[in-house]
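Q: fold the stuff below for me.
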Amino acid sequence: MWRLWAYALGQKEGRSNKEADVIAAIRTLIMIQLVTTNGFIIANAIRHWNNVPSELSKTEEKGLCKPQSNILKD
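A: Below is the predicted model:
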């Protein structure tokens with residue numbers, strides 16, 4: 001099973017079988033890290049899918065944030 005997984009990771013690298021196994025193990029760790037990271041990204045996207053605030057923040061409610069623009073000034 002290990003040989004099939006090693007070949008699935010890519011071309012066999014290394015001067016000996018032991019060196020090729022080490023390279024395959026490193027590639028396996030990289031693959032696990034990639035899948036784990038993608039899992040967290042997908043979980044975060046699902047968690048915040050329709051996350052719309054139901055109330056205005058205190059700053060917006062009081063009108064304290066008024067944008068300043070110089071576009072229309074002469």
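
Q: and the pLDDT for the residue nearest to Arg27 when sequence neighbours are not counted?
A: Closest residue in space to Arg27, ignoring its immediate chain neighbours: Leu9 at 4.3 Å, by Cβ to Cβ, 6 or more residues apart in numbering. Placement of C-beta: from N, CA and C, glycine included. With respect to pLDDT, Leu9 scores 83.

Q: quick one: residues contacting Leu9.
A: Leu9 makes contact with Ala24, Arg27, Thr28, Met31 under the criterion Cβ atoms under 8 Å, 6 or more residues apart in numbering.

Q: switch the cut-off to 10 Å
A: Ile23, Ala24, Ala25, Ile26, Arg27, Thr28, Ile30, Met31 (Cβ atoms under 10 Å, 6 or more residues apart in numbering).

Q: out of the residues you listed, who's the most crowded?
A: Counting neighbours by other Cβ atoms under 10 Å, the top entry in these is Ala24, with 20 neighbours.

Q: what's the neighbour count on Ala6?
A: 19.

Q: Gly39 versus the residue lying closest to it once chain neighbours are set aside, what's the distance?
A: The shortest distance from Ala6 to any residue other than its chain neighbours is 3.8 Å, reached at Ala24 (Cβ to Cβ, 6+ apart). Here Ala24 is placed at a distance of 22 Å from Gly39 (Cβ to Cβ, to the nearest Å).

Q: same check on Val22?
A: 26 Å.

Q: okay, the two: which has more neighbours?
A: Using other Cβ under 10 Å as the criterion, Val22 and Gly39 rank with Val22 on top: 13 against 10.

Q: report the rounded mean pLDDT for the lengthiest helix in the chain.
A: Once the chain is assigned using DSSP state H, the helix that runs over the most residues is helix 17-47. The predicted model assigns helix 17-47 a mean pLDDT of 93.
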